[in-house]
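Peer 1: my questions concern the predicted model and sequence given below.
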Amino acid sequence: MRTIAQEFSKGIFVENPVFRLLLGLCPVLAVSITAFNAFGMGIAATFVLLGSNIVVSAIKDFVPSRVRIPAFILIIATFVTIVDLTLNAFLPDLHEALGIFIPLIVVNCMIMGRAEAFARKNTIGRSIIDALGVGIGFTIALTVLGIVREILGAGTLFGFNIVGTAFEPMGLLASPPGAFIALGVLVALFNVMFKRLGIE
Amino acid sequence: MREGLRMAVTLLIIGGVCGGLLSAVNSYTEPIIEERQQREFLEALEGFFPEVEEAEEKEINDQKYFIAYDAAGNEIGVVAQARASGYGDEPIRYDLAVDMEGEIVGIRVVSHTETPGIGDFIAEEEWQEQQIVGLTFDDEIAVDVDVDAISGATVTLRGIVSSIREEVDTIGMEFLGLEVEVVEIDPSAVDDGTYTGVGTGFADDIEVEVTVSGGEITDIEIISHDDTPDYFDQAAAEMPGRIIEAQSHDVEMVSGATASAEGIVEAVADALN
């Protein structure tokens, strides 16, 4: 049995969904054009993950195993719709920037994966820790990718110009192929780092 | 069997709880979202009518119209939240602002799915300003007449222009008290004789002489016109014959010379009244 600290940190480092497991990449690649969008997407996904992990863990003893997948999807979809409506009401700019990728959180395999692999077998407390760890790991990964792409692709960070006018932005990094290239480089860096630290 | 029932009931309960939760969240966020969309619309409204203070909503045929008032409470114009069908799958959604004289003062395309590079000119300010803004209720508002044709984008252009025509008509008649001039040719009750009438062609007035005999138009002669001869001659060659044959205003126009053709019909109608 892992300790609470291990349970929390595994999602950020060893089992980071983006850099280590390569899960949920569709929104990762699509919305990481700017750091703010990436961060917003990370927080939205974390909220859904937290909600679905809590509820799935709470009802795990009542749901017959054969219908657990539709039940999970219903629960996840509910939280996603709550996020969708809330963002539309309070953060319309972010809502518009994330667009279709908010409803698509429903089919983000990272969230389904945590419900299936963790929450339905663990207590509510551990499921919360797990959701926070994985969610923060996802948010950090997305934001790092967003920062790299925004600085190199547009010369700004969180909308502020930070590199001066002499810098010629690399438009490639703002485009979809740039997302794959930047992600590939980051995954490679993390692999090297983990090897150095002796973590597999 | 019992297991099947348990599965169904479990899903039913989860679905019910989820649905209830969502309807609660929705009833809380819906007014906020609507208020924001309304605010965005009001900002656009201010772009159309800078002195707008308040707007009143009216619904006609499932479509929303907003009457804009200034600080003193005077009506200053009407904005339609309109839809046109173009080439794309989704309708072109746009706002059309018309002032109290029936003149288009602004158009804002809210969303469209027209082909990029071909049909998306409708969202460009340059096209809107040059082709649409300034047209009035009394204008034709038709492709080839007062809106330039764009080859390769016929469907998009005709879709939005005919929709604009309809909106201007609706606004003019429902809100501004304007009336569409009815062009009607009915010689059955006209005494025998020769009459002259004037209609508006492409450039200026067209004058015609109409001969009626036994309740029927027997001859139409063009007295004067100021239109481009190349086009006008096509209309002048066809239209008198068509009107005499139909004994009615309900005739096909001459394509390429629509404005001249319509001017002739108008002049004939004028002569008989």
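Peer 2: Here it is on my side, so go on.

Peer 1: quick check on the residue in the stretch 101-250 of chain B that chain A sits nearest to: phi, psi?
Peer 2: Closest contact between the stretch 101-250 of chain B and chain A, by Cβ to the nearest Cβ, is at B:Ser111 (11.7 Å). Every residue, glycine included, has its C-beta placed from N, CA and C. Phi and psi for B:Ser111, reported as degrees, to the nearest 10, are phi -160, psi 150.

Peer 1: so it touches B:Gly88, yeah?
Peer 2: No: counting by Cβ atoms under 8 Å, B:Ser111 stays clear of B:Gly88, with 9.8 Å between them.

Peer 1: skipping adjacent residues, who's closest to the spatially most central residue of chain A in space?
Peer 2: Centroid-nearest residue in chain A, with Cα atoms, centre = their mean: A:Phe138, separated by 3.4 Å. Distances taken as Cβ to Cβ, 6 or more residues apart in numbering or on different chains place A:Pro17 nearest to A:Phe138, at 5.0 Å, with adjacent residues excluded.

Peer 1: quick check: buried residues in stretch A:59-73?
Peer 2: Residues of stretch A:59-73 classed as buried: A:59-60, A:63, A:67-68, A:71-72 (neighbour count, 16 or more other Cβ atoms under 10 Å in any protein chain shown).

Peer 1: whoops, stretch B:35-55 was the one
Peer 2: Using 16+ other Cβ under 10 Å as the test for burial, stretch B:35-55 gives B:41, B:45, B:48-49, B:52, B:55.

Peer 1: residues of the longest helix along chain A that come out buried?
Peer 2: Secondary structure of chain A read by DSSP state H shows that its longest helix is helix A:124-154. In terms of neighbour count (16+ other Cβ under 10 Å), helix A:124-154 has its buried residues at A:126-154.

Peer 1: packing partners for that helix?
Peer 2: The contact analysis (3 or more Cβ pairs under 8 Å, 6 or more residues apart in numbering or on different chains; DSSP states H and E) places helix A:124-154 against helix A:4-10, helix A:25-31, helix A:35-59, helix A:109-117, strand A:156-157, helix A:171-174, helix A:176-196.

Peer 1: need the ones you listed in JSON lines (columns: mean pLDDT).
Peer 2: Shown next, in JSON lines, are the helices and strands packed on helix A:124-154 (pLDDT from 0 to 100):
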{"stretch": "helix A:4-10", "mean pLDDT": "84"}
{"stretch": "helix A:25-31", "mean pLDDT": "85"}
{"stretch": "helix A:35-59", "mean pLDDT": "92"}
{"stretch": "helix A:109-117", "mean pLDDT": "89"}
{"stretch": "strand A:156-157", "mean pLDDT": "82"}
{"stretch": "helix A:171-174", "mean pLDDT": "82"}
{"stretch": "helix A:176-196", "mean pLDDT": "90"}
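
Peer 1: what's the closest of those to chain B?
Peer 2: When the helices and strands packed on helix A:124-154 are compared by Cβ to the nearest Cβ, helix A:35-59 sits nearest chain B, at 7.5 Å.

Peer 1: quick one: contacts for the closest residue to A:Phe118 other than its chain neighbours?
Peer 2: Among residues not flanking A:Phe118 along the chain, A:Asp130 sits closest, at 5.0 Å (Cβ to Cβ, 6+ apart). Contact analysis of A:Asp130 by Cβ atoms under 8 Å, 6 or more residues apart in numbering or on different chains lists A:7-8, A:11, A:53, A:114, A:118-119, A:122.

Peer 1: just checking, A:Leu29 touches A:Ser175?
Peer 2: No: contact criterion Cβ under 8 Å: A:Leu29 and A:Ser175 do not qualify, at 10.7 Å.

Peer 1: of these two, who's got more company?
Peer 2: A:Leu29 (21 against 14; other Cβ atoms under 10 Å in any protein chain shown).
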